[in-house]
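> Quick one, structure for this:
(one chain, ligands or ions: 1)
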Amino acid sequence: MPQDSDWTRRKLDYEPPRIDTSKAHSARVADYLLGGKDNYLSDREAAERLMKVAPGAADTVRQNRWFLHRVTRYLAEQGIRQFLEIGSGIPTSPNVHEIAQQVDPAARVVYLDSDPIVAAHSNARLTRSPEGQVAYILADMRDADAVLSAPELTGTLDLGLPTALLILSTLHHLAEEEGHDLVRQYVAALAPGSFVALSVATRTDDPVDIVEGAQATLGSQGIKVLNRSLAETVALFDGLELLEPGVVPVHHWRPANSDDAELRIGLYGGVARKR
Ligand SMILES: C[S@@+](CC[C@H](N)C(=O)[O-])C[C@H]1O[C@@H](n2cnc3c(N)ncnc32)[C@H](O)[C@@H]1O
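Model prediction:
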């Protein structure tokens, strides 16, 4: 069940940023682009400015959620029963536990995000199946040691068993080396047979002016975005066995149909297995 976030915060020695609704935040901008209601004027203005320079922004955020849905269902169907989603964002149904618990009601899911607004919505909305477990951790993913030893995580997931690590549309808010090293740290804690799904902002599929315009628009709101090349994205999966079709724009990862194939989507995604 959702846990007491004050206790989590104290335990992880994490002081979340004060909620400042006068400045846009990535989780709430994404929520607006998805048609959600958990956003403020600053987020809506930033999203509208973003869509002016990058008209594909709303498609990108939506396709990324659908990538998350396909990946979660696929991994659950492969027998994965434990999921750790980092940078989970404001809950948008279906969330990971809803999909995983459709496949097996006993599936266990831990969500983590550093945004206190995400924590408030997650604690209010994450309902689980009676057999399954869902926990939420309010923490900065950069403190991997504290995250991996948090009671909310160790009490919900047994990392000695195969687990899916999902970090979607989040690593690009960190510095390049930092993102790469953090993936290594989290992967090292996973059992063989675990899976890792990542998506990150790309810098090659859109014309340079769109990518730079989007970066500048979000950057002016204090939302840092690091765009990776295909090779840099593939490097995030170093040491892991990439599943077909490899790293591709997220809407090209095992799509249910080909209707959206021509869309310009600004996120690369992939799924890999730890041997
Ligand atoms: C663009 S949203 C993506 C949300 C969701 N993963 C999705 O794909 O729809 C990025 C999320 O990463 C979170 N985030 C950014 N930096 C983080 C950090 N250092 N630790 C934990 N979460 C972080 C933000 O609060 C936000 O909710």
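> The chain against the ligand: which residues are in contact?
26-27, 30, 64-65, 87-89, 113-115, 118, 140-142, 168-170, 173 (Cβ under 6 Å from any ligand atom). From N, CA and C alone the C-beta is placed, and that goes for glycine too.
> Narrow the residues you listed to those in helices?
Judged by DSSP state H, those include 26-27, 30, 64-65, 118 as members of helices.
> filter these to the buried ones?
26-27, 30, 64-65, 118 (16 or more other Cβ atoms under 10 Å).
> from those, which two are the most distant?
Spanning the widest gap among these are 64 and 118, at 16.0 Å by Cβ to Cβ.
> which stretches of this structure form strands?
82-86, 108-113, 133-138, 164-168, 195-201, 241-242, 248-249, 267-273 (DSSP state E).
> Which of those strands has the lowest mean pLDDT?
Out of the strands of the chain, strand 133-138 stands lowest, with a mean of 92 (criterion: mean pLDDT).
> Any idea which residue is closest to the centre of this structure?
In the chain, the centroid-proximal residue (Cα atoms, centre = their mean) is residue 168; its distance is 2.9 Å.
> thinking that one is in contact with residue 67, fair?
Yes: if you go by Cβ atoms under 8 Å, residue 168 and residue 67 touch, sitting 7.1 Å apart.
> quick revisit: so among the ones in helices among the residues of the chain next to the ligand, where is pLDDT lowest?
Ranking those by pLDDT, residue 118 lands last with 87.
> Grab the nearest non-local neighbour of it.
Once flanking residues are discounted, residue 118 sits nearest to residue 27: 5.1 Å by Cβ to Cβ, 6 or more residues apart in numbering.
> Quick check, that neighbour in contact with residue 120.
No: using Cβ under 8 Å, residue 27 is not in contact with residue 120; the gap is 11.1 Å.
> ok so, going back, can you add distance to residue 188 and give the strands of the chain back as a markdown table?
Listed next are those as a markdown table, based on distance: least, Cβ to Cβ, whole Å:
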| stretch | distance to residue 188 |
| --- | --- |
| strand 82-86 | 14 |
| strand 108-113 | 17 |
| strand 133-138 | 19 |
| strand 164-168 | 11 |
| strand 195-201 | 11 |
| strand 241-242 | 16 |
| strand 248-249 | 26 |
| strand 267-273 | 14 |
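> For residue 153, find the nearest of these.
When the strands of the chain are compared (using Cβ to Cβ), the closest one is strand 108-113, at 5.3 Å.
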